[in-house]
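Engineer: Sequence and predicted structure below; questions after.
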Amino acid sequence: MSRQQTLTELESVLESFLDRVVAVKEQRLEVLDGINRLDDIARRIDRGDELTDQIGNWFAEHNRWLSEGTLRQADTTRISRILDQIGSRLEKAEETTPAMTKIAAEIERWQRQAGGEKKIVLTRGPETAPKSDTERPGSLARFADQLQRLTARFDDLAGSSQHVLSALDDALTSAERQQNKDALILSALIIYSLKQENYKVEPYVKRLRAAERRIQGGRTDA
Amino acid sequence: MLNMSEKAYVLALRALKQHNYGEAVNHFDQAAEQFATDREFVLLRESTRLLVAVKNELAALRANDDDDAIIEEVFDGQETDISG
């Protein structure tokens, strides 16, 4: 077989593999893409752009998620947080247009349907906006970013767990098998919190230390 | 809000879906800060990188083939006197 034939076959195998991965993740990708778009809209509103049409389009496109049960608990939480953020930006607007009122009503309806009971009132907000992440010093922004990731990860784990110990077990497994640092830190946080409530945490501490050694490059188990 | 690594991972998957492999590699690189130790991420990133490398190599080979074909066409298999 020539070099070109070998490469062509490898190309085909890799393309097929990646196509299949994407196909398996199709529904998740659609959800993540939708959350990402909403997140983009929220960021642009932060910059002062007028985006009520885009928010309206987003609702039109994604309303079915609630009725179809497409979303995981963690997705619902994330979307609710972003919508809260958009809602609070609308509240701070100096002028309230009919489109904004409609969007606020849509947000309220979504939050109610998704399980929240938050009420959005369009009023003029304070003169100063809170500091954004970009205005914070580097270490603070990094830590805030990490906290956000940990919260999202916990939401993911909590969505499929009945008890915090199950979420801890999943987080430790992820730290052990995937050598994921965020999972390790989240595990440590949960363990510390459980210790404060007098749970017996020694077995989890052992697993945490073993995972920590793996992540730091050591390979010996406890 | 999503952090920049999460956004980049989503964009990488979208680029894969659209078969924009070079673009996917760029997004994977941006997402690496958070996901570099995530096995699934590493597998997807490395597979995509390999695919891009294979495509580049194939393009180079095909360009050589095209050059050879053009040379054969121009000279039509005849010996050519290139002396002055």
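Structural biologist: Sure, I can see it. Residues are numbered from 1 along each chain as shown, chains lettered A, B, ... in the order given.
Engineer: Report how many residues lie close to the closest residue to chain B within chain A.
Structural biologist: Nearest to chain B, among the residues of chain A, is residue A:14, at 4.1 Å (C-beta to the nearest C-beta). Every C-beta, even on glycine, is put in place using the N, C-alpha and C of the backbone. By the measure other C-beta atoms under 10 Å in any protein chain shown, the count of residues near residue A:14 is 20.
Engineer: what's the closest non-adjacent residue to it?
Structural biologist: Of all residues not flanking residue A:14 in the chain, residue B:51 sits nearest, at 4.1 Å (C-beta to C-beta, 6 or more residues apart in numbering or on different chains).
Engineer: Contacts only, for that neighbour.
Structural biologist: Neighbour list for residue B:51: A:11, A:14-15, A:18, B:21 [criterion: C-beta atoms under 8 Å, 6 or more residues apart in numbering or on different chains].
Engineer: in what helix or strand does it lie?
Structural biologist: In the assignment (DSSP states H and E), residue B:51 maps to helix B:39-75.
Engineer: In that helix, which residues are buried?
Structural biologist: B:41, B:44-45, B:47-49, B:51-52, B:54-55, B:58 (16 or more other C-beta atoms under 10 Å in any protein chain shown).
Engineer: could you give the mean pLDDT of it?
Structural biologist: For helix B:39-75, the mean per-residue pLDDT is 86.
Engineer: And stretch A:197-204, what's buried?
Structural biologist: Of the residues in stretch A:197-204, A:201, A:204 count as buried by neighbour count, 16+ other C-beta under 10 Å.
Engineer: And the contacts of it?
Structural biologist: Residues outside stretch A:197-204 that contact it (C-beta under 8 Å, 6+ apart) are A:165, A:168, A:172, A:187, A:191, A:194-195.
Engineer: Over to stretch A:180-193?
Structural biologist: So stretch A:180-193 is contacted by A:146, A:149-150, A:153-154, A:157, A:164, A:167-168, A:171-172, A:174-175, A:201, A:204-205, A:207-208, A:211-212, A:215, B:34, B:37-38 (C-beta under 8 Å, 6+ apart).
Engineer: For residue B:52, which non-adjacent residue is spatially closest?
Structural biologist: Among residues not flanking residue B:52 along the chain, residue B:21 sits closest, at 5.1 Å (C-beta to C-beta, 6+ apart).
Engineer: and residue A:178, what are its phi and psi?
Structural biologist: Backbone geometry at residue A:178, expressed as degrees, to the nearest 10, gives phi -100, psi 0.
Engineer: what residues are up against residue 61?
Structural biologist: Went with chain A since none was named. Residue A:61 sits next to residue A:34 when contact means C-beta under 8 Å, 6+ apart.
Engineer: that's the wrong chain, I wanted chain B
Structural biologist: By C-beta under 8 Å, 6+ apart, the residues touching residue B:61 are A:3-4, A:7.
Engineer: repeat that for 6 Å
Structural biologist: By C-beta atoms under 6 Å, 6 or more residues apart in numbering or on different chains, residue B:61 lies in contact with residue A:4.
Engineer: Just to be sure, which of the contacts of residue B:51 are found in helices?
Structural biologist: The helices, defined by DSSP state H, take in A:11, A:14-15, A:18, B:21 from the contacts of residue B:51.
Engineer: model confidence over stretch A:96-112, on average?
Structural biologist: The model assigns stretch A:96-112 a mean pLDDT of 84.
Engineer: Run a quick neighbour tally on residue 13.
Structural biologist: No chain was given, so I picked chain A. 13.
Engineer: was after chain B, sorry
Structural biologist: Using other C-beta under 10 Å, residue B:13 has 24 other residues around it.
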